[in-house]
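# Predicted model and sequence follow; I will ask about them next.
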Protein chains: 2
Amino acid sequence: MNVEKAWETLKKHSFKRTKNREAILEFLAERDGYTAAMDVGEFLKKDNPGVSFDTIYRNLTTFAELDILEETDLNGERQYRMHCDPGVHHHHFICTVCGKTKHIPSCPMDHISVNLPGVEIQGHKFEVYGKCPQCQ
Amino acid sequence: MNVEKAWETLKKHSFKRTKNREAILEFLAERDGYTAAMDVGEFLKKDNPGVSFDTIYRNLTTFAELDILEETDLNGERQYRMHCDPGVHHHHFICTVCGKTKHIPSCPMDHISVNLPGVEIQGHKFEVYGKCPQCQ
DNA sequence: CTATTAATAGTAATGATTACGATTCACTTC
DNA sequence: GAAGTGAATCGTAATCATTACTATTAATAG
């Protein structure tokens, strides 16, 4: 997912083009891993010192709902990254130091017969944690 | 893991036998799923209205470090359950309504060749979410 | 029984997130 | 391109879970 595609999606759902949204998308497009909501906010403050939490969280949540961003909870913080490939299910290795991710194309649900009679499966989470080469 | 075994472990590490710890262990031994730290606290207050957050969180953290409890983060809250079988690696299905869990003995790391050259793997998380038969 | 030191109570502080009324701004329509 | 309209934002307060800290209490060893 790149910034243009994100804007197509936003247009399609009649969201307006604002400076804050542009900044968020351009910032996350540059990064290749997860970034905490608060850190996105810190970045926004450079151009716009008065951004409010409301703006930061509302937009990140909206983007995640539209599958523009991927979202995860990492040690109590909400983290976001550009969606690598919306529509193609995948997982990630996540560096616990810098947040950088690596794609894991296969999914445990395809390999494991989860024998759970009667339960209604809604979703799953699979993440591998460690240190990327640069952070060791 | 049952309450007696938990006390053996605690004794071995010279932790004292206190009313609060007894209450926490007995409460979690009764439950068969994850319980939020705050809910454990609520329960403690029945017998001891003045328990402090310090006591709740410190003991839960200690128990998790000693592998008496298993710990996970679920929608922003820290959740705990008696360790099914310390020493035997496993995963869980977790009911998103009541927190009840079901054992998943197999591990994705055994089935998926995570091809990540140069990274140092430290851990992983695999959880399946859904509704248990009672909560549908 | 007494001493020692862990454990706890009580409460304040922190950190992330949510909420909301007032204001501003992007975009439609004329 | 000016005006109108509702979405988006600001500024700030509130909430919620968790952490931190000091004075006091209580579990265990000797």
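Here it is on my side, so go on. Owing to the predicted nature of the structure, the values given are computational and were not obtained by experimental measurement.

# Let me see the residues that make contact with the least confident helix or strand in chain A by mean pLDDT.
Lowest by mean pLDDT, DSSP states H and E among the helices and strands of chain A is helix A:108-111, with a mean of 88. By C-beta atoms under 8 Å, 6 or more residues apart in numbering or on different chains, the residues outside helix A:108-111 that reach it are A:91, A:124, A:126, B:108, B:111-112, B:126, B:128. Where C-beta positions appear, they are placed from N, C-alpha and C, glycine not excepted.

# Go again with 7 Å.
Outside helix A:108-111, the residues that touch it by C-beta atoms under 7 Å, 6 or more residues apart in numbering or on different chains are A:124, A:126, B:108, B:111-112, B:126.

# and the helix or strand containing residue A:4, average pLDDT?
Assigned by DSSP states H and E, residue A:4 belongs to helix A:3-12. For helix A:3-12, the mean pLDDT works out to 96.

# Up against DNA strand C, what does chain A have?
Within chain A, the positions near DNA strand C by C-beta under 7 Å from any atom of the strand are A:16-19, A:36-38, A:52-54, A:57, A:61, A:76-78.

# Quick one, which of those are buried?
A:36-37, A:78 (16 or more other C-beta atoms under 10 Å in any protein chain shown).

# Keep only those of the residues you listed that are in helices.
Residues of those located in helices (DSSP state H): residue A:37.

# could you dump the buried ones among the residues of chain A next to DNA strand C to JSON lines with distance to residue B:86?
JSON lines is the format used below for these (distance: C-beta to C-beta, whole Å):
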{"residue": "A:36", "distance to residue B:86": "32"}
{"residue": "A:37", "distance to residue B:86": "35"}
{"residue": "A:78", "distance to residue B:86": "31"}
